[in-house]
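S.K.: below are the sequence and a predicted model for it; my questions follow.
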Amino acid sequence: MRWGVRLRYRSEIDGLRTLAVVPVIAFHFGAARISGGYVGVDVFFVISGYLIGTMILAELRAGEFTFSNFYRRRFKRILPALFAMVFAVSIACCFVLLPTMLYHYGHSLISVLASASNIYFWLTSNYFAPVSESKPLLHTWSLAVEEQFYLVLPLLLTVLYRMTARRIETWIWILAAGSFAANVLLVKDHATFAFYMLPTRFWELGLGVLIGTRNWPWSTKRVLSEVCAGAGAILIVGSVFLFDRTTVFPGFAAVIPCLGTALIISSGDQIKTKICDVLSLPPVVFVGKLSYSLYLWHWPLLVLARQVRLTEELAWYDVGALIFLTFLLAALSYLFVEQPLRATKWSFAHVLSATVAATAVLGLIGGAFTLTRGMPGRFNSEISNIASFLDYNPRAQFREGKCFISMSTLSLPLEKECFSPARDGRKNVLLIGDSFAAHLWYGLAESLPEDKVLQVTASNCRPTIQASPIASTVCRQMIEQIFGEIVPNTRIERVILSARWSDADLPDLAATLKWTSERGIRTTVVGPPPEYQIPLPQLLAMSRLHSNPGLIDSRQRQDRFVLDGLMRTLVREAGGEYFSPIDILCSKQHECQTSTTEEDPVQYDYGHFTERGSKLIGQSLADALRDHSQ
């Protein structure tokens, strides 16, 4: 079998790194047209698999492979720049993050040191977790996937080479196929696992390994090489511009950028194609050489800037300054950290000692953040107490895993009691929708003791007769059960529809109201509550810290007020009853109540109600239902 291993420097691969990192940065910084820029990570995975697989196979064939030498090189390549970034970001976080946020940052820092941040973010990325925009080290999940791959691949290839050198390619194909199958099977209903974990990402790195196992037919013929390279570029660029946040990913869609990367690398193995020429241009190669440090620095800078500005949407001048700072820090990191340490002749023992020492220092920092629960002494007790609501746990309030199916409980069916009608003569009120319905149940049930409030809710599941095309399988099944079985065959006096509505939902909502009206089912639609660009407790804490009460109103999402007006008109024209949380909480000048009489935040994140907030709204909703029943 011909391995076709090439150890020579290929400038186009550095150029390909540019094609990976630039879309990622553009996507994260909000470039509207780069809606699929996240596929750059997949391009990186294929490149890494190719380079690492090629190197290991070459050394195995030459009888020169050793684990100590392999990890010495990997440590010098990855860890110095990573540790420098983490140290600098940790210092900045002490000045920027509130106690609860710094506490969670400490956990994520420790997971980075353990090469397990992808596992950490998978385990903590449940429906109620803080949004990704507040996690400075979130981007290290992809580094953890690669680091875990570096643990697996050398041992795997060494064993396979000694046992069956001629069939290594076959075994890699089998493992990659199994990984791809797991990815496709899990991406719909277990998207977080499929996104973060090595077993469902191995096929992308494995594809890179496969490229280096032999000379592919198109790599030795000029016309075929040019066609394949051009097709590869189209696949990558096409996915960058055509994919968006609604694309089911990784799934089948990830094949497109990964295959594009594989075609470019393999077609340029023997022949310098036109695409290789473009990717080998000095400016493109230069950015590619900085790509690792660019990737390391861009995300924490963006997150910290959002925390300082207290907004998700930064002004253009802020974005420009951040891009400049990203390139500046990346260049400094490359020149004074990456390059000097990669050039050292340190033995594995020296590299390991330095790694252990740096890990210990950073581990102490992460441990201090964690053990002190975010160093609350930096703020007065009032601000720390308000900020503690960033850790608010609504699972019991929502009845998660029982009557609310979240992303982390998708495999659990609703308990029958959730939709079983009362048998004691009480009226049945059926609450249907997503988390913006589930957050109402507690307050509504407390305020309607004379009725039974049934609850059928699931995350990201609009309560309309036509389920969204991107809805989960569980959501689709729930919608079919609600409108096909429960509502037609159960004594229901009132149906309440509530969700995080959008303009796109209005036609389906109108059709749903027509359906319930034709069957004589009294229906109340709950409109949007006020929402904020960042979690309300954070806004409350920072407004008091800076004595700036106007900060909260300035961070409201104005589109919620517009949608409230549109929904009011639509529902009334369709013969339904409309309840507006905005009417209860906000004045006509859009100044909204943000705390209860107990000084607790009404909402614990951008829009969901706390328990006391639910009671406040639930009482008003119950009164409205009674008025409509008279």
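M.R.: Nice, thanks for sending it over.
S.K.: report the distance from stretch 329-336 to the chain centre.
M.R.: Mean C-alpha position of stretch 329-336 versus that of the full chain (C-alpha atoms, centre = their mean, to the nearest Å) differs by 28 Å.
S.K.: next one: stretch 359-379
M.R.: The answer for stretch 359-379 is 25 Å, by C-alpha atoms, centre = their mean.
S.K.: all strands of this structure, in order?
M.R.: 404-405, 427-433, 451-458, 494-498, 523-526, 577-579 (DSSP state E).
S.K.: what residue ranges in the stretch 151-300 of the chain score low on pLDDT?
M.R.: Applying pLDDT under 70 to the stretch 151-300 of the chain flags residues 219.
S.K.: hmm, try it at 80
M.R.: Residues of the stretch 151-300 of the chain that meet the criterion pLDDT under 80 lie in 165, 189, 214-220.
S.K.: most tightly surrounded among the strands of the chain?
M.R.: strand 404-405 (a mean of 28; mean count of other C-beta atoms under 10 Å). (C-beta placed from N, C-alpha, C; glycine too.)
S.K.: tally of neighbours for D505?
M.R.: Using other C-beta atoms under 10 Å, the number of residues around D505 comes to 19.
S.K.: residues in contact with the closest residue to it other than its chain neighbours?
M.R.: In space, D505 comes closest to R462 once its chain neighbours are excluded; the distance is 5.5 Å by C-beta to C-beta, 6 or more residues apart in numbering. With contact set as C-beta atoms under 8 Å, 6 or more residues apart in numbering, R462 has these partners: G433, D434, S468, A471, A499, W501, D505, D508.
S.K.: can you add distance to Q589 and pLDDT and give the residues you listed back as CSV?
M.R.: Below are the contacts of R462 laid out as CSV (distance: C-beta to C-beta, whole Å; pLDDT from 0 to 100):
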residue, distance to Q589, pLDDT
G433, 29, 94
D434, 29, 93
S468, 34, 74
A471, 37, 75
A499, 27, 96
W501, 23, 95
D505, 27, 92
D508, 32, 94
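S.K.: among the residues you listed, which two are most distant?
M.R.: Farthest pair in these (C-beta to C-beta) is A471 and W501. Separation: 14.6 Å.
S.K.: which of those two has more neighbours?
M.R.: W501 (25 against 18).
S.K.: so how far is L151 from S280?
M.R.: Distance, S280 to L151, by C-beta to C-beta, to the nearest Å: 33 Å.
S.K.: ok, the nearest residue to A354 once chain neighbours are set aside - contacts?
M.R.: Excluding its sequence neighbours, the residue lying closest to A354 (C-beta to C-beta, 6+ apart) is W346, at 7.5 Å. Neighbouring residues of W346 by C-beta under 8 Å, 6+ apart: R72, K76, A354.
S.K.: next, W346: phi, psi?
M.R.: Dihedral angles of W346 (phi, psi; degrees, to the nearest 10) stand at phi -60, psi 140.
S.K.: more neighbours: S280 and L151, which one.
M.R.: Using other C-beta under 10 Å as the criterion, S280 and L151 rank with S280 on top: 18 against 14.
S.K.: how near is the more buried one to A330?
M.R.: Distance from S280 to A330, by C-beta to C-beta: 20 Å.
S.K.: for F389, same thing?
M.R.: 36 Å.
S.K.: those two - which one has more neighbours?
M.R.: Set F389 next to A330 and count neighbours by other C-beta under 10 Å: A330 wins out with 25 against 20.
S.K.: next up, the contacts around the spatially closest residue to that one that is not a sequence neighbour.
M.R.: Leaving aside its sequence neighbours, A330 sits nearest to S293 (C-beta to C-beta, 6+ apart; 3.8 Å). S293 is in contact with A81, M85, L329, A330, A331, S333, Y334, V337, E338, counting by C-beta under 8 Å, 6+ apart.
S.K.: now list the buried members of those residues.
M.R.: A81, M85, L329, A330, S333, Y334, V337, E338 (16 or more other C-beta atoms under 10 Å).
S.K.: which one among those gets closest to E64?
M.R.: Using C-beta to C-beta, E338 is the member of the buried ones among the contacts of S293 that lies nearest E64, at 24.8 Å.
S.K.: now that closest one. Nearest residue, chain neighbours left out?
M.R.: Nearest to E338 is A81, by C-beta to C-beta, 6+ apart, at 5.1 Å.
S.K.: wait, that neighbour sits on L335?
M.R.: No. Between A81 and L335 there is no contact under C-beta atoms under 8 Å: 11.0 Å.
S.K.: spit out the contact partners of the closest residue in space to Q481 that isn't next to it in sequence.
M.R.: Counting by C-beta to C-beta, 6+ apart, V456 is the residue found nearest to Q481 once chain neighbours are left out, at 7.8 Å. By C-beta under 8 Å, 6+ apart, V456 lies in contact with C403, L414, C418, F419, L430, L431, I432, M478, Q481, I482, I486.
S.K.: show me what V456 is bridged to.
M.R.: For V456, the beta-bridge partners under DSSP bridges are I432.
S.K.: okay, it: pLDDT?
M.R.: According to the prediction, V456 has pLDDT 93.
S.K.: swap in V5?
M.R.: The model's pLDDT for V5 equals 42.
S.K.: T370 contacts I110, correct?
M.R.: Yes. If you go by C-beta under 8 Å, T370 and I110 touch, sitting 7.1 Å apart.
S.K.: pull out the buried positions in stretch 196-207.
M.R.: For stretch 196-207, using 16+ other C-beta under 10 Å, the buried residues are Y196, M197, L198, T200, R201, F202, W203, E204, L205, G206, L207.
S.K.: what of stretch 292-308?
M.R.: Of the residues in stretch 292-308, 292-307 count as buried by neighbour count, 16+ other C-beta under 10 Å.
S.K.: now K514: how far from G251?
M.R.: 34 Å.
S.K.: ok, those two, which is more surrounded?
M.R.: A direct count of neighbours by other C-beta under 10 Å for K514 and G251 places G251 higher, at 19 against 14.
S.K.: contact partners for that one?
M.R.: Applying C-beta under 8 Å, 6+ apart to G251 gives the contacts N183, V184, V187, K188, A194.
S.K.: JSON lines for those residues, including neighbour count?
M.R.: Compiled in JSON lines, the contacts of G251 are given as follows (neighbours: other C-beta atoms under 10 Å):
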{"residue": "N183", "neighbour count": "25"}
{"residue": "V184", "neighbour count": "18"}
{"residue": "V187", "neighbour count": "21"}
{"residue": "K188", "neighbour count": "16"}
{"residue": "A194", "neighbour count": "24"}
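S.K.: and which of those is nearest Q397?
M.R.: K188 (27.6 Å).
S.K.: how about the helices in the stretch 451-600 of the chain?
M.R.: With DSSP state H, counting those that start in this stretch as the criterion, the stretch 451-600 of the chain has helices at 473-481, 487-489, 506-518, 536-545, 550-554, 559-573, 581-585.
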